[in-house]
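> Following is a predicted model, sequence given first.
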Amino acid sequence: MSFEFEYDLLRELTEARGVPGYEDEVREIVRREFADRADRVRTDAMGNVVATIEGNSDYSVAVAAHMDEIGFMVRHVTDEGFVQVDPLGGFDARVLRAQRVTVHGEEEITGVIGSVPPHTLTDEQKETDDEVSDVFIDLGRDAEAVEELVGVGDLVTLDQTTTRMGDRITGKALDDRICLFATLEAAARIDDPDATIHFAATVQEEVGIRGATALGVDIDPDLAIALDVTVANDVPQIGDAADAVTELGEGTAIKLKDSSVITSPKVHKRLTAVAEEEGIDHQHEVLPAGGTDTAGFQNTAGAKPVGAISIPTRYLHTVTETADGDDVAATIDLLTAFLESETGEHDYTL
């Protein structure tokens, strides 16, 4: 695996906790790592981090990847000491059964989202669809102890370590920390570019692409490229190959569309041309549902050319998200080659 030497950084990023609006732990890592890879680093009022590498022209490119992960906020503590939550990001409630979590209260407290044994469920309960609003977190303490430790507004994150699985990596929050890792690696490689490059680690993507939208105004780049994970449904449960979207091990994915953006044709064509010229494994992505930071830059401060590079990932929005090491390496290679070849002379107008 070509990024094996940086595995500790990748693991640190993915295991860090940072739900939308509270990305502090991730932001600290990002600021630390960009300090030696960029000419200047700043943070705005929302918490977006922008690391700038000065180019030899006024032409600027923004590169975005988001810091936040899906999580919860405490909305109620029952008289019995069970915790109820409100989601921060899009959860499939089915995957929450029997999960371990951390409640970030007066101290970090381990809890479990229990699952009632199936042989005690009524027929009606068996047929009921899971809802996040029905989740109860058991903290293993009596009501009085819970009341002292947990309150409304406390944050809750899912517990999972990051580990190697063959030449693949699995864990929580690969969405989108694995792309943050890719931007850090690209920033370390780029030296004396023609274009000024703004590497943006954004906030609150999982709740509506909010940080990137603000940056679209604040940075006002000539071109924007976002990095995010994308669906890899190349698994036995998906019978139709057309529904796989992307495949693990087939290279980085050049986005053509998702439900938030149709990428600029001239941009995705040039991304493809660079990949072909450099011999970088790649595939094209047409994502039926789901949005990315790309949309935050396309028309926020007037019409802008935008593109997106994606890392194929299985089991999105679970604690077992899985990506292929070679796809990550291909993503870093393509991003680096594309940015180094940006001179400001390419015409992306239509």
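Right, received. Where do you want to start?
> Every contact and neighbour count from this point should use C-alpha atoms.
Noted.
> what domains does the record give for the protein?
As assigned by automatic domain parsing, the chain contains the domains 4-69+172-340, 71-158.
> rank the ones you listed by mean pLDDT and give me the bottom one.
If you rank these by mean pLDDT, domain 71-158 sits at the bottom with a mean of 87.
> Off-centre distance for that domain?
On the basis of CA atoms, centre = their mean, to the nearest Å, domain 71-158 sits 24 Å off its chain's mean C-alpha point.
> Quick one: the strands in the stretch 151-300 of the chain, in order.
155-158, 163-165, 168-171, 196-202, 223-231, 252-257, 282-286 (DSSP state E, counting those that start in this stretch).
> Are there helices or strands packed against the helix or strand where Asp8 lies, and which ones?
Counting by DSSP states H and E, the element that carries Asp8 is helix 7-15. If contacts are counted by 3 or more CA pairs under 8 Å, 6 or more residues apart in numbering; DSSP states H and E, helix 7-15 sits against helix 174-189.
> tell me the contacts of Ile225?
Applying CA atoms under 8 Å, 6 or more residues apart in numbering to Ile225 gives the contacts 61-64, 294, 306-309.
> Could you do Asp154 as well?
By CA under 8 Å, 6+ apart, the contact list for Asp154 reads 73-74, 103-105.
> Let's see that with 10 Å instead.
Residues counted as contacts of Asp154 (CA atoms under 10 Å, 6 or more residues apart in numbering) are 72-76, 85, 103-106.
> for Phe297, same thing?
Listed by CA under 10 Å, 6+ apart, the contact set of Phe297 reads 62, 64, 209, 212-217, 219-226, 303-307.
> how far away is the closest residue to Val229 other than its chain neighbours from Gly296?
The shortest distance from Val229 to any non-neighbouring residue, by CA to CA, 6 or more residues apart in numbering, is to Ile311 (4.6 Å). Remark: distance between Ile311 and Gly296 (CA to CA, to the nearest Å) = 19 Å.
> Could you do Thr202 as well?
10 Å.
> can you check Ala64 too?
Ala64 is 10 Å from Gly296, by CA to CA.
> Quickly list what's touching both of those two.
Both Ala64 and Gly296 are contacted by 211-212, 215, 224, 226, under the criterion CA under 10 Å, 6+ apart.
> will you turn those residues into CSV that also has distance to Ile29 and neighbour count?
Formatted as CSV, the shared contacts of Ala64 and Gly296 follow (distance: CA to CA, whole Å; neighbours: other CA atoms under 10 Å):
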residue, distance to Ile29, neighbour count
Gly211, 18, 29
Ala212, 19, 29
Leu215, 20, 24
Ala224, 23, 26
Ala226, 20, 26
